[in-house]
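# The amino acid sequence is not available; the structure is as follows:
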């Protein structure tokens with residue numbers, strides 16, 4: 001792997017398939033490896049420029065050290081938050097060898113996690129305090145969605161109830177002196 005200086009201009013479309021994933025072009029856009037199957041059944045890999053911008057980074061091909069330390073693969077296809085669910089990936093990402101030494105990878109996964117409403121630093125803090133099995137149980141995949149560990153009560157209102165929620169205790173009746181007479185209170189509307 002190499003970090004190119006400003007004199008070398010990286011164009012995703014010109015990168016070899018082994019250098020494409022996790023690379024950043026001269027315009028600061030992330031490169032993405034895509035696979036096509038041709039009519040004859042042969043697989044063809046293409047590197048192209050994505051719309052995803054890297055944070056303060058340009059002209060970058062990720063080092064072999066970072067690919068290894070962060071538990072990644074050179075031929076990773078696409079850019080997706082689904083990769084966060086790969087067993088053991090969080091452990092690699094959160095390791096000092098990756099988290100402290102590979103800002104490009106950390107930036108990418110920080111943003112992928114944030115896009116799913118998950119904080120990578122919090123995930124790493126949870127990783128330190130838990131075994132992998134417990135952590136994986138906290139993260140559930142649902143068509144690429146990530147649910148962060150936390151209170152489940154908030155989920156209740158994602159599906160609107162057919163009737164408005166009924167308060168557990170009725171509000172206390174305020175009696176105004178002289179105006180309270182039995183039979184004059186209209187019944188509560190039934191939902």
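The structure has been received and is ready for your questions. Because the structure is predicted, anything quoted here is derived from the model rather than measured.

# and the longest strand for this structure?
If you go by DSSP state E, the chain has its longest strand at strand 43-53.

# Next, the buried residues of that strand.
For strand 43-53, burial by neighbour count (16 or more other C-beta atoms under 10 Å) applies to 47, 49, 52-53. The way it works is simple: take the backbone N, C-alpha and C, and place the C-beta from them, glycine included.

# in the lengthiest helix in the chain, what's buried?
With secondary structure taken from DSSP state H, the chain has its longest helix at helix 103-115. Residues 103-113 are the ones in helix 103-115 that count as buried (16+ other C-beta under 10 Å).

# Following element in sequence after it, please.
helix 120-129 (DSSP states H and E).

# in this protein, which spans are helices?
Under DSSP H, the chain gives helices at 17-20, 64-69, 89-94, 96-99, 103-115, 120-129, 132-138.

# Between those, which one is closest to residue 79.
helix 103-115 (7.3 Å; C-beta to C-beta).

# Let me see the contact set for residue 43.
With contact taken as C-beta atoms under 8 Å, 6 or more residues apart in numbering, residue 43 is in contact with 35-37.

# about what we covered before: just give me the closest of the buried residues of helix 103-115 to residue 78.
residue 112 (11.3 Å).

# shaky segments in this protein?
Scanning the chain for pLDDT under 70 picks out the ranges 1-7, 129-191.

# can we see that at 50?
1, 4-6, 131-167, 176, 179-181 (pLDDT under 50).

# The buried residues of strand 43-53: which two are farthest apart?
47 and 53 (17.0 Å).

# Would you mind measuring from the residue lying closest to residue 32 once chain neighbours are set aside to residue 78?
Distances taken as C-beta to C-beta, 6 or more residues apart in numbering put residue 50 closest to residue 32, at 4.4 Å, once the chain neighbours are dropped. According to C-beta to C-beta, to the nearest Å, residue 50 and residue 78 sit 9 Å apart.

# overlap in contacts of the two?
residue 32.

# And the closest residue to residue 15 other than its chain neighbours, how close does it get to residue 9?
Leaving aside its sequence neighbours, residue 15 sits nearest to residue 47 (C-beta to C-beta, 6+ apart; 4.6 Å). From residue 47 across to residue 9, the span is 15 Å (C-beta to C-beta).

# Report the angle between the longest strand of the chain and helix 103-115.
When axes from the mean of the first three to the mean of the last three C-alpha atoms, to 10 degrees is applied, the directions of strand 43-53 and helix 103-115 differ by 80 degrees.

# so residue 32 bridges to which residues?
Residue 32 has these beta-bridge partners by DSSP bridges: residue 48.

# who's in contact with it?
Applying C-beta under 8 Å, 6+ apart, the residues contacting residue 32 are 12, 20-21, 47-50, 52, 77-79.

# what about it, distance to residue 45?
11 Å.

# Now list whatever residues contact both of the two.
residue 20.

# follow-up on the earlier one: among the helices of the chain, which comes closest to residue 83?
Comparing the helices of the chain by C-beta to C-beta, helix 89-94 comes nearest, at 6.5 Å.
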